[in-house]
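Asks: Sequence first, then the predicted structure, then my questions.
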Amino acid sequence: MATLHTMGQQQDRRSWAEPFKIKVVEPLRTTTHGEREKAIREAGYNTFLLHSSDVYIDLLTDSGTSAMSDRQWAGMMMGDEAYAGSSNFYRLEATIRKFYGYKYIVPTHQGRGAENLLSQSAIKPGDHVPGNMYFTTTRFHQEHAGATFHDVIIDEAHDTTSLHPFKGDIDLGKLQALIDRVGAKKIPYVCMAATVNMAGGQPISMGNARAVRALCDKHGIKIYLDATRAVENALFIQEREEGYASRTLAEILLEFCSYSDGATMSGKKDHLVNIGGWLATNDKDLFEEARNLVVVYEGLHTYGGMAGRDMEAMAIGIEESVNVDYIKSRVGQIRYLGELLDQWKIPFVKPVGGHAIFLDARRFYPHVPQDAFPAQTLAAELYLDSGIRSMERGIVSAGRDPATGDHRRPKLELTRLTIPRRVYTQAHMDVVAESVKACYDHRDGVKGLDMVYEPKYLRFFQARFERR
Ligand SMILES: *Cc1c(COP(=O)(O)O)cnc(C)c1O
């Protein structure tokens, strides 16, 4: 077992025990090995295609899988389902302004809806968008609008063993080089994510955000934040960056957002709700354009694809999300899982990030070539072992280069164990760790997968595989 003195920044158990108790429970079903063998074969060895009724502990994603609080459920009863001008929208708008500081808000059904509106409003064909590593849907919308994406994250982010405290930082040299090469006029905005999902939930520092702002100001380039996990990012700043230990998460969040011109948000993560998102901006013209487009793609500008009750639950979730005891318990739970894996020397991305453990499939299966999809293979093996569902974040997720048509081959070949918010217990984390160890003990016999069906867009969602 992990001992308390290995708890890193946590002084004692109480410092990260959940600041809530359980009021409603949902039964979990266990399955036999035979049932899982059949289920994963029918799912084409893609965990996205499993039925959730065949899953025991579901760590596919932390997106929309949070448990809502009693206050949020009470808020659901306060839904004002007026088509136009719902009072829940105005409450949500005021809450986003208060905690994120942006002037104009456009509600959307989820994060990618906001990405679509931003990309269509800001990007012209032939533009270039730099970002601190890509996110699947974000880059898709940028490319779909005619831009070329450029990864300008620091090199440490691509090294699963680097202990850099802010592996999400933007490399100012890489950003400057891109500006020199294509010209500032061809860069509508820098896409800055906090925390960086694909790098392993790694944070970006306040100092870096400030420096990126200064550089962009020099060239008249805007910055749009992917604020999906910016509250979790705020905890890392409070813990690791000088001068922030005594600042509240809300203060840190507000300062962080002040270095950007707007944000896209997947409310399904930080906001502790099951659906919803928004686009925010301080730019009146972009707001006008996005507010015109939202009625085409999402819904009227006072609901954007959400029901009134969803907006109420989101407003309450935002207030709850900046509670430091809550965020400490969330990140503490993930660190606990990391400690268990560490004692068996199982390779994963370090330092542990904000929302998940990312197993390093390259080092897990060094004998499986990247074209045999090691991270996809590990996700399938883990499911077979115990019914735990995880997700590939490697060559399958990276897709193909639109210019050459070849696989993009990312340095990171990861299997993500994503922890839903307020859902699972410490005992579940023990089970997860034991199952990963069982897969690790049997790693030598594993050969990898072949892709037998490949969708055109965001292939990781629906691709199918067969065992080698
Ligand atoms: C989930 C996610 C998105 C997309 O949001 P959806 O609500 O799933 O559409 C964008 N960026 C990041 C970093 C995410 O994790």
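Replies: Here it is on my side, so go on.

Asks: For the residue in the stretch 301-450 of the chain that the ligand sits nearest to, give its distance to C191.
Replies: Proximity of the stretch 301-450 of the chain to the ligand (CB to the nearest ligand atom) peaks at H355, 8.2 Å away. For the C-beta atoms, the positions are set from N, CA and C on the backbone; glycine is no exception. Distance of H355 to C191, computed by CB to CB, to the nearest Å: 19 Å.

Asks: who has more neighbours, the two?
Replies: C191 (29 against 25; other CB atoms under 10 Å).

Asks: Nearest residue to the more buried one in space, ignoring adjacent ones along the chain?
Replies: G131 (3.7 Å; CB to CB, 6 or more residues apart in numbering).

Asks: again with D270
Replies: Closest residue in space to D270, ignoring its immediate chain neighbours: V231 at 4.6 Å, by CB to CB, 6+ apart.

Asks: Kindly report the residues of the stretch 251-400 of the chain close to the ligand.
Replies: S266, K268, K269, G277 (CB under 6 Å from any ligand atom).

Asks: give me that answer again for 8 Å
Replies: T264, S266, G267, K268, K269, G277 (CB under 8 Å from any ligand atom).

Asks: for the chain, what's the longest helix?
Replies: helix 324-343 (DSSP state H).

Asks: what packs against that one?
Replies: Here helix 324-343 touches helix 230-240, strand 356-360, helix 426-441, going by 3 or more CB pairs under 8 Å, 6 or more residues apart in numbering; DSSP states H and E.

Asks: how far out from the middle of the chain is that helix?
Replies: Put simply, helix 324-343 sits 17 Å off its chain's centre (CA atoms, centre = their mean, to the nearest Å).

Asks: List the buried residues for it?
Replies: 326-342 (16 or more other CB atoms under 10 Å).

Asks: Next, the angle strand 356-360 makes with that helix.
Replies: 20 degrees (axes from the mean of the first three to the mean of the last three CA atoms, to 10 degrees).

Asks: Let the chain start at 561 from now.
Replies: Okay, using 561 as the starting number, the last item reads as helix 884-903.

Asks: Report the rounded mean pLDDT for helix 884-903.
Replies: The average pLDDT within helix 884-903 is 96.

Asks: tell me the angle of it relative to helix 790-800?
Replies: 70 degrees.

Asks: For helix 884-903, list the C-alpha coordinates in CSV.
Replies: What follows is helix 884-903, C-alpha atoms only, in CSV (Å, rounded to 0.1, in the frame of the first residue of the first chain):
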residue,chain,number,x,y,z
VAL,A,884,-10.0,23.9,-3.0
ASP,A,885,-10.9,20.8,-0.9
TYR,A,886,-12.8,19.4,-3.8
ILE,A,887,-10.0,19.9,-6.3
LYS,A,888,-7.4,18.5,-3.8
SER,A,889,-9.5,15.4,-3.4
ARG,A,890,-9.8,15.0,-7.1
VAL,A,891,-6.1,15.4,-7.9
GLY,A,892,-5.3,13.5,-4.6
GLN,A,893,-7.2,10.4,-5.8
ILE,A,894,-5.3,10.4,-9.1
ARG,A,895,-1.9,10.8,-7.3
TYR,A,896,-2.9,7.9,-5.1
LEU,A,897,-3.5,5.7,-8.1
GLY,A,898,-0.1,6.8,-9.5
GLU,A,899,1.7,5.8,-6.3
LEU,A,900,0.2,2.3,-6.4
LEU,A,901,1.4,1.9,-10.0
ASP,A,902,4.8,3.4,-9.2
GLN,A,903,5.6,0.8,-6.6
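
Asks: angle of it against helix 986-1001?
Replies: Angle of helix 884-903 versus helix 986-1001, following the same axes, to 10 degrees, is 30 degrees.

Asks: Could you pull out the helices in the stretch 761-910 of the chain for me?
Replies: 766-779, 790-800, 809-818, 844-857, 868-881, 884-903 (DSSP state H, counting those that start in this stretch).

Asks: Let me have those in CSV, adding distance to E1026 as columns.
Replies: Below are those laid out as CSV (distance: least, CB to CB, whole Å):
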stretch, distance to E1026
helix 766-779, 44
helix 790-800, 37
helix 809-818, 45
helix 844-857, 37
helix 868-881, 40
helix 884-903, 29
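
Asks: which stretch among the ones you listed comes nearest W576?
Replies: Closest to W576 of those, according to CB to CB: helix 884-903, at 2.7 Å.

Asks: For the closest residue to the ligand within the chain, give me the backbone phi and psi.
Replies: Across the chain, the shortest distance to the ligand (CB to the nearest ligand atom) belongs to G671, at 2.3 Å. Main-chain torsions, G671, degrees, to the nearest 10: phi -60, psi -40.

Asks: And it, how far from G624?
Replies: The separation that G671 has from G624, given CB to CB, amounts to 10 Å.

Asks: which residues do those two both contact?
Replies: K828 (CB atoms under 8 Å, 6 or more residues apart in numbering).

Asks: Compare those two and say which one has the larger neighbour count.
Replies: G671 (25 against 15).

Asks: That one reaches I835, doesn't it?
Replies: No: with contact defined as CB atoms under 8 Å, G671 and I835 do not form a contacting pair (10.6 Å).

Asks: before we move on, the earlier item: contact partners for the residue of the stretch 861-1010 of the chain closest to the ligand?
Replies: Applying CB under 8 Å, 6+ apart, we find H915 in contact with D622, T755, N757, G761, R789, E792, K829, R890, I894, T978, I979.

Asks: Would you check that the third one makes contact with F695?
Replies: Yes: contact criterion CB under 8 Å: N757 and F695 qualify, at 5.7 Å.

Asks: So between these two, which is more surrounded?
Replies: With neighbours defined as other CB under 10 Å, N757 and F695 compare such that N757 has more, 30 against 24.

Asks: residue boundaries of the strands in the stretch 561-710 of the chain?
Replies: Here the stretch 561-710 of the chain has its strands, by DSSP state E, counting those that start in this stretch, at 664-668, 688-691, 708-711.
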